[in-house]
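> I would like to see how this sequence folds:
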Amino acid sequence: MYSIGFDNEKYLKLQSEKILDRIGMFENKLYLEFGGKLFDDFHASRVLPGFMPDSKVRLLKTLANKAEIVVVINASNIDSNKAIGDSGISYDDDVLRLIDEFRKSGLYVGSVVISQYLGQPAADKFKDYLEGREITVYVMHYIPESDYPSNVQLILSDEGYGNNDYIRTSRPLVVMTAPGPGSGKMAACMSQLYHENKRGVKAGYAKFETFPIWNRPLKHMINLAYESATVDLSDVNMIDPFHLEAYNVSAVNYNRDIEVFPILNAMFTRIWGESPYKSPTDMGVNMIGFCITDDEVCAEASKQEIIRRYFHTQNDFAKGNISRSAVVRLELLMNNAGLFPADRPPVTPALEKADKTEGPCVAIELKDGTMITGKTSELLGASSAALLNALKHLAGIDDRVPLISPVVIGPIQNLKVGYLGNENPRLHTDEVLIALAICAATNPTAELVLDQLPNLNNAEAHSSVMLSQVDIGVFRQLGVNITCEPVYQNKRLFHRNL
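Model prediction:
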């Protein structure tokens, strides 16, 4: 059952006020390190029901006349053609996508920064490409790991940050964002503080991370869900010892920020003469914890997210994408949270149906708690069957009523096998939706069923076998949270699109 536990409008109001207040702490110049996803933050929307995936962009749009965006990318990620886990596109391509999305949203993109530059030919090529499209590019030079970030004297000198380009900005709020972690956002902010200080400007720095939520308990399910989402990064939530010492108040932060804070604090003191922050939690501007309206709803949603992450991690390991250590960490987290795979409602119905039919099955839990299943047949894959059955139920159509004529399905199967080289003639979810749309042109019942697609948003689904990326992608586009057993449908070594 889907319930609301978060006030999104309150969040937009409080968060924008907090950022404006932080700008006022300094000389009307704030460099804001923006963590997590700016677009499509579905993790936050899943653990905080009521949080809208586009909330961060909406937040920035309320500050559009004061803000400019700087996108940071690590030169080594360009050189290695590193890809984004969720989308599979490269970091440099995602920089282009981000710029397009920001511009579409009416937000000003001031420049792109290439960090840890060592003269990589791929970085030079990307820089030329951007400049050829009239995008300003700045370079931050590589500082050896033996010196960064511990050698504060070197870093805050002409051989350190002084060797970087000065990023020219024109607005009081500079949002530093990136296509992924390890891009150098914090270093770009600190480099700018050094350069601004040399120019007589007392600019400020703040950090905007959605998770962990600092004013919720360390072992709160929301914060555990954040750990489950970052097992590949080995992030661990901790009580901020600096905040506890300064204010005698427990606040939750994560290990990397806590470990680096003494060095950052030394940098702040060198640049400003004194540090405005007594703890890494002080550096943050996150107001999300004040907008939770139903803690129980959010805790339950977070439990479900942990289990989803468990299945995703198991799938990634089965595909050879991650190490066993990430699986072990998530299994330990599941145990500590007292959770089991079967606590996810559609898991048991999917597995029971698969045992009964001796073939792949998918179960979909609709928002009202209704459970719908689908099995593999000669015409449809299990995902397609479950999807059609769910749409029929939502439209009030009997499950036995045929919607897609064999006259439509036959030519599609012939195209797949006879011309496109597919061995599997069964229709995937995208193909069955296209076939349904064709039938809807002449069949009012099919049109009624097709109109139910928006009602699948926030449904939950589970498959007894790993699905193709096509089926997973369609479920995600429809807003259905899909998980799979870490089992291939067959024993082949090569699995296309998985």
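> Tell me which stretches of the stretch 201-350 of the chain form helices.
221-229, 241-247, 255-272, 280-283, 295-318, 324-337, 347-357 (DSSP state H, counting those that start in this stretch).
> Could you tell me the least trusted of those?
With a mean of 88, helix 255-272 has the lowest mean pLDDT of the helices of the stretch 201-350 of the chain.
> What residues of it count as buried?
Within helix 255-272, the residues scored as buried using 16 or more other CB atoms under 10 Å are 256-258, 261, 263-268, 270-272. The way it works is simple: take the backbone N, C-alpha and C, and place the C-beta from them, glycine included.
> so where's the stretch 1-150 of the chain shaky on pLDDT?
84-88 (pLDDT under 70).
> Dump the helices of the stretch 201-350 of the chain to a markdown table, plus distance to Gln153.
Formatted as a markdown table, the helices of the stretch 201-350 of the chain follow (distance: least, CB to CB, whole Å):
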| stretch | distance to Gln153 |
| --- | --- |
| helix 221-229 | 35 |
| helix 241-247 | 23 |
| helix 255-272 | 8 |
| helix 280-283 | 22 |
| helix 295-318 | 42 |
| helix 324-337 | 36 |
| helix 347-357 | 56 |
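> Gly5 is nearest to which of those helices?
helix 295-318 (3.2 Å; CB to CB).
> Pull the number of nearby residues for Ile213.
Look at Ile213: counted by other CB atoms under 10 Å, it has 24 neighbours.
> okay but Leu32 is in contact with Val175, surely?
Yes: here Leu32 reaches Val175: they are 5.2 Å apart, a contact under CB atoms under 8 Å.
> So which of those two has more stuff around it?
Neighbour count, other CB under 10 Å: between Leu32 and Val175, Val175 has more, with 27 against 24.
> check contacts around that one.
32, 34, 60, 67-70 (CB atoms under 8 Å, 6 or more residues apart in numbering).
> Kindly report the same for Ile307.
Contacts of Ile307 (CB under 8 Å, 6+ apart): 334, 339, 341, 343-344, 483.
> what about 6 Å?
Taking CB atoms under 6 Å, 6 or more residues apart in numbering, we find Ile307 in contact with 339, 344.
> can you check Leu332 too?
Contacts of Leu332 by CB under 6 Å, 6+ apart: none found.
> what about it, distance to Val401?
For Leu332, the distance to Val401 equals 48 Å [CB to CB, to the nearest Å].
> Phe311 reaches Glu485, doesn't it?
No: Phe311 is beyond contact range of Glu485, at 7.5 Å (criterion: CB atoms under 6 Å).
> strands paired with the helix or strand containing Val174, and their directions?
Element membership for Val174 (DSSP states H and E) is strand 173-177. Applying DSSP bridges, strand 173-177 is found paired with strand 30-34 (parallel), strand 67-74 (parallel).
> Output the very next helix or strand once past that strand as PDB - backbone C-alpha positions only.
Under the assignment DSSP H and E, the closest C-terminal helix or strand after strand 173-177 is helix 185-198. Taking C-alpha atoms only, helix 185-198 is exported to PDB below (Å, rounded to 0.1, in the frame of the first residue of the first chain):
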ATOM      1  CA  LYS A 185      33.400  19.100  -6.700                       C
ATOM      2  CA  MET A 186      34.800  19.800  -3.300                       C
ATOM      3  CA  ALA A 187      38.300  20.500  -4.600                       C
ATOM      4  CA  ALA A 188      36.800  22.900  -7.200                       C
ATOM      5  CA  CYS A 189      34.900  24.700  -4.400                       C
ATOM      6  CA  MET A 190      38.100  24.900  -2.200                       C
ATOM      7  CA  SER A 191      40.200  26.100  -5.100                       C
ATOM      8  CA  GLN A 192      37.700  28.900  -5.800                       C
ATOM      9  CA  LEU A 193      37.800  30.000  -2.100                       C
ATOM     10  CA  TYR A 194      41.600  30.300  -2.400                       C
ATOM     11  CA  HIS A 195      41.300  32.300  -5.600                       C
ATOM     12  CA  GLU A 196      38.500  34.500  -4.300                       C
ATOM     13  CA  ASN A 197      40.400  35.200  -1.100                       C
ATOM     14  CA  LYS A 198      43.400  36.400  -3.200                       C
END
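> can you give me the angle helix 185-198 makes with strand 67-74?
Angle of helix 185-198 versus strand 67-74, following axes from the mean of the first three to the mean of the last three CA atoms, to 10 degrees, is 120 degrees.
> Would you indicate which residues of helix 185-198 are buried?
185-197.
> what does stretch 152-164 give?
Those would be 152, 155-156, 160-161, 164, for stretch 152-164 by 16+ other CB under 10 Å.
> can you redo the residues you listed as TSV with secondary structure and pLDDT?
As requested, the buried residues of stretch 152-164 are exported to TSV (DSSP: H, G, I helix; E, B strand; the rest coil; pLDDT from 0 to 100):
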residue	secondary structure	pLDDT
Val152	helix	89
Ile155	helix	92
Leu156	coil	91
Gly160	coil	94
Tyr161	helix	95
Asn164	coil	97
